[in-house]
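Trainee: my questions are about this predicted structure, shown below with the sequence.
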Amino acid sequence: MKHPSGNSYQAVVAAPGFCIGVRCDDAEIHALDYLEPRAEVQPENGLAFETVRQLHSYLADADFAFGLPLRPSGTPFQRRVWALITAIPNHQTRSYGDLAKALHNAPRAVGQACGANPFPLVVPCHRVIATGGGLGGFARHGGGFLLDVKRWLLAHEAR
């Protein structure tokens, strides 16, 4: 989604080892994307400015609670998974299997819903791990850059 400024994002926030791209209009967040390190993009509108403020607050303090207007998205099942993920307290994790049992579904379906999450951090899918404590995947990837992001987020929240 290109905008008059030529940016795909209304803001890009730098984090340790990665960036977060913000896609929004004046009223709702459309998506947050994990990006490889790049130049920050200053907020283009009021909601982007507020989102940047909240992202910086979380990066400084893992106990920060987000309060952003998210555009309704996802299937009914995905929304149920995302609601359970949002309820996972800071500094805690749940397994894909735990969520699957609560939803009377399969862990793989939970993993697919996690991968489709358009609002990472706000809907903290990084708190969902494999049974037995392994990291599992992240954002539909089993390794590489995004798994490093998941490791950093879990370490940030463990402090």
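Mentor: Cool, the structure landed.

Trainee: care to break the protein down by domain?
Mentor: 11-60, 76-158 (automatic domain parsing).

Trainee: distance to G67, mean neighbour count and mean pLDDT added to the ones you listed, as a markdown table?
Mentor: For every residue, glycine as well, the C-beta is placed using N, CA and C. Output for the domains of the chain, formatted as a markdown table (distance: least, C-beta to C-beta, whole Å; neighbours: other C-beta atoms under 10 Å; pLDDT from 0 to 100):
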| stretch | distance to G67 | mean neighbour count | mean pLDDT |
| --- | --- | --- | --- |
| domain 11-60 | 7 | 17 | 96 |
| domain 76-158 | 9 | 17 | 88 |
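
Trainee: for H30, which non-adjacent residue is closest in space?
Mentor: In this structure, H30 finds its nearest non-sequential neighbour in R23, 4.3 Å apart by C-beta to C-beta, 6 or more residues apart in numbering.

Trainee: ok so that neighbour is a strand residue?
Mentor: Yes - R23 forms part of a strand when assessed by DSSP: H, G, I helix; E, B strand; the rest coil.

Trainee: give me the distance between the two termini of stretch 101-116.
Mentor: 20 Å (C-alpha to C-alpha, to the nearest Å).

Trainee: ramachandran angles for the most centrally placed residue in the chain?
Mentor: In the chain, the residue lying closest to the centroid (C-alpha atoms, centre = their mean) is P120, at 0.8 Å. Note on P120: backbone dihedrals following degrees, to the nearest 10 are phi -60, psi 150.

Trainee: pretty sure it sits against Y34.
Mentor: Yes - between P120 and Y34 there is a contact at 6.3 Å, judged by C-beta atoms under 8 Å.
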